[in-house]
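Trainee: Below is the structure, and that's it, no one-letter string:
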């Protein structure tokens, strides 16, 4: 535990609630706000009145689409909560929230256990090394099995997940929770919606089970506290505060994951979850100093969470608000920023002033006078601040690491219904693109159509719905299309010279480039394309290298086959020439673009298609039909495992082009009893017959 025990920072908990769709994240957040005194009446997702689901589309569909930020006080701790979406189409919302949070609560359904999107968000949290708590929800439901869900978590996600409390009763007889730290039983009064808790002795029939699980808990955490391990080894009485201290230390160091249980809808167990958030998850002071890097030297620069240190913060989300315009959510890692003060954007060099600082409570707004290290707030009036930008006071050069967002894989054509809507549609799409890093707008060079791309059919459906409701723009949309990409399979060298008179002045540049496929080692670093130069300054002065790099990478946006983005290419500048009088930046850009375009055509270009990770959970009698259908769709099955007593889980890689209308297909295959989820995995080179079909359709020839 931090030595700064009296610091206001020690009382802050920045946490996210994450899970698969329909595991109960939003219901749990609603109960947290109610018991903490922020809400006086609990809303329900199924009634469309949950506090954190404020968008019309969320209330109609009963799902979370955009992450909502709220704050409450519990046990003298300020808990800043971000309720994240569970649907895979909105996974970017989870990604950018986990990037700035200090801890997370993973919510799992007590019946379904570890579901596909549970694994996705868990691995996102792994990427950012976020300490977390597990809360197993819905233990009142028929088929709920606490031990089986814990076993699934240990097998699929982490072997460090250990029980901190256990349920009293099963399914509809679930009526309380045993706390293994205090060895007491808690029951929750249904007449007061669980607000009144009763502390009782452990029921006699559960005493042996509780003792066994407490022993396992002590064995897992004893080494993290000297007083605890001494008392444990000597068989002395163990104080609850020693256990809490050990669990906190182990959780913060990602060596232990406390598992709690409850039923949020039936108002049982949420207060113990709140206690665990305060007791076990870190404050900003408990986390190691955040690492930035110097943009010039690439050296690491630690950022200490100190309100008096130089200002460093990260813009992690842009939201377009109909009342105040552009809102930018910012997490401050160090320093203090006051309303009306200016900051420096390290990514684009712009200096901007903060007109207002808001504390966002879902879609409600509270004005703040200042933001301190460890705080999360929203800025109003920042035109040039975007997702992933680092802000400072200008006293130091530092960049915080960018966030990783998946590629958009599905596109639809869109056009305004009337000529009057044309300008409004263009402006609305631009604002939505700024808000959502996985939503892209581009123009098809052959047809001139405007195409919008996203993470899935639901993602684009919500975008079109928002255009109509929020921006009052009527639009016609086409059928969904796959977003293909291109790559090369061989190396090629190409030399181009640009020489002509422009406005009575000579213009000259010569470049020689080699293009080659990325090696497996380079691919593993998640880099789309790489540019390197091995040319001496005598041949091409250093001031032209950056423009050459930009022109070379830009040329990859327009592939030789279907004008798609070209990826997995290594570009190497191997030779060139300049003229001290006639050479200029524009000449080198043009020569480079010509050379890259020519080299790509000679390097055996191919088309890549998106592969999706398809997970199907179906009753055993339908699994054979599901597998046969996946094989017919060019799918490759990677995992088959038992999901529970009656269902099997099939995981496969399947091309997206084969999966349009899959919801209807899986319903007919399983008599409506199977469920599935889709998640983008990677791009892979298409088989020859698929490439021929794509070329015929897009370019109009065989």
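Mentor: Yep, it's here. Bear in mind that the values here come from a model prediction, so they are computed numbers and not experimental data.
Trainee: how close does residue 235 sit to residue 246?
Mentor: Remark: distance between residue 235 and residue 246 (Cβ to Cβ, to the nearest Å) = 17 Å. Yep, even glycine has a C-beta here, placed from its N, CA and C like the rest.
Trainee: Would you map the helices across the stretch 601-702 of the chain?
Mentor: Counting by DSSP state H, counting those that start in this stretch, the segments of the stretch 601-702 of the chain that form helices are 623-632, 662-670, 688-699.
Trainee: Now render those as a markdown table, adding distance to residue 209 and mean pLDDT.
Mentor: Written out in a markdown table, the entries for these read as follows (distance: least, Cβ to Cβ, whole Å; pLDDT from 0 to 100):
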| stretch | distance to residue 209 | mean pLDDT |
| --- | --- | --- |
| helix 623-632 | 34 | 94 |
| helix 662-670 | 37 | 86 |
| helix 688-699 | 56 | 85 |
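Trainee: Present these as CSV; the columns should include distance to residue 157.
Mentor: Compiled in CSV, the helices of the stretch 601-702 of the chain are given as follows (distance: least, Cβ to Cβ, whole Å):
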stretch, distance to residue 157
helix 623-632, 24
helix 662-670, 25
helix 688-699, 35
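Trainee: Among those helices, which comes closest to residue 455?
Mentor: For the helices of the stretch 601-702 of the chain, the distance to residue 455 is smallest for helix 662-670, at 15.4 Å, taking Cβ to Cβ.
Trainee: what comes into contact with that closest one?
Mentor: Counting by Cβ atoms under 8 Å, 6 or more residues apart in numbering, helix 662-670 makes contact with 614, 616, 618-619, 622, 625-626, 629, 674, 676, 678, all of which sit outside it.
Trainee: what packs against the helix or strand hosting residue 118?
Mentor: Using DSSP states H and E, residue 118 sits within helix 116-127. Helix 116-127 sits against strand 12-18, helix 91-100, strand 103-109, strand 675-685, with contacts defined as 3 or more Cβ pairs under 8 Å, 6 or more residues apart in numbering; DSSP states H and E.
Trainee: As a markdown table, those with distance to residue 193, mean pLDDT and mean neighbour count would be great.
Mentor: Conversion of the helices and strands packed on helix 116-127 to a markdown table gives the following (distance: least, Cβ to Cβ, whole Å; pLDDT from 0 to 100; neighbours: other Cβ atoms under 10 Å):
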| stretch | distance to residue 193 | mean pLDDT | mean neighbour count |
| --- | --- | --- | --- |
| strand 12-18 | 20 | 89 | 26 |
| helix 91-100 | 29 | 77 | 24 |
| strand 103-109 | 20 | 92 | 25 |
| strand 675-685 | 31 | 86 | 18 |
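Trainee: quick one, which of those is nearest to residue 324?
Mentor: Comparing the helices and strands packed on helix 116-127 by Cβ to Cβ, helix 91-100 comes nearest, at 20.3 Å.
Trainee: Now, of the contacts of helix 662-670, which are buried?
Mentor: 614, 616, 618, 622, 626, 629, 674, 676, 678 (16 or more other Cβ atoms under 10 Å).
Trainee: Which pair of those spans the longest distance?
Mentor: Largest separation among the buried ones among the contacts of helix 662-670 by Cβ to Cβ: 622 and 678, giving 18.3 Å.
Trainee: Work out the gap between the helix holding residue 118 and the centre of the chain.
Mentor: If you compare the mean C-alpha spot of helix 116-127 with that of the full chain, they lie 9 Å apart, counting by Cα atoms, centre = their mean, to the nearest Å.
Trainee: average pLDDT for that helix?
Mentor: Per-residue pLDDT values across helix 116-127 average out to 82.
Trainee: Check which element follows that helix along the chain.
Mentor: Moving toward the C-terminus from helix 116-127, the next helix or strand (DSSP H and E) is strand 132-137.
Trainee: Give me the pLDDT value at residue 11.
Mentor: 89.
Trainee: pLDDT value on residue 700, please?
Mentor: Value for residue 700, per-residue pLDDT: 59.
Trainee: same deal with residue 52?
Mentor: For residue 52, the pLDDT comes out at 52.
Trainee: Output the below-cut-off pLDDT ranges for the stretch 551-700 of the chain.
Mentor: For the stretch 551-700 of the chain, applying pLDDT under 70 flags the ranges 699-700.
Trainee: ok, back up a step: any idea which of the helices of the stretch 601-702 of the chain gets closest to residue 586?
Mentor: helix 688-699 (30.8 Å).
Trainee: So which bits of the closest one are buried?
Mentor: The neighbour-count criterion (16+ other Cβ under 10 Å) identifies 690-691, 694, 698 as the buried residues of helix 688-699.
Trainee: hang on, the earlier thing: out of residue 235 and residue 246, which sits in the more crowded spot?
Mentor: When neighbours are counted by other Cβ atoms under 10 Å, residue 235 and residue 246 differ, and residue 246 comes out ahead with 25 against 7.
Trainee: The more buried one falls within a strand, correct?
Mentor: No: residue assignment for residue 246, taken from DSSP: H, G, I helix; E, B strand; the rest coil, gives helix, which places it outside any strand.
Trainee: Could you confirm residue 237 falls within a strand?
Mentor: No: the secondary structure assignment for residue 237 gives coil rather than a strand, going by three-state DSSP.
Trainee: Nice, that's everything, thank you.
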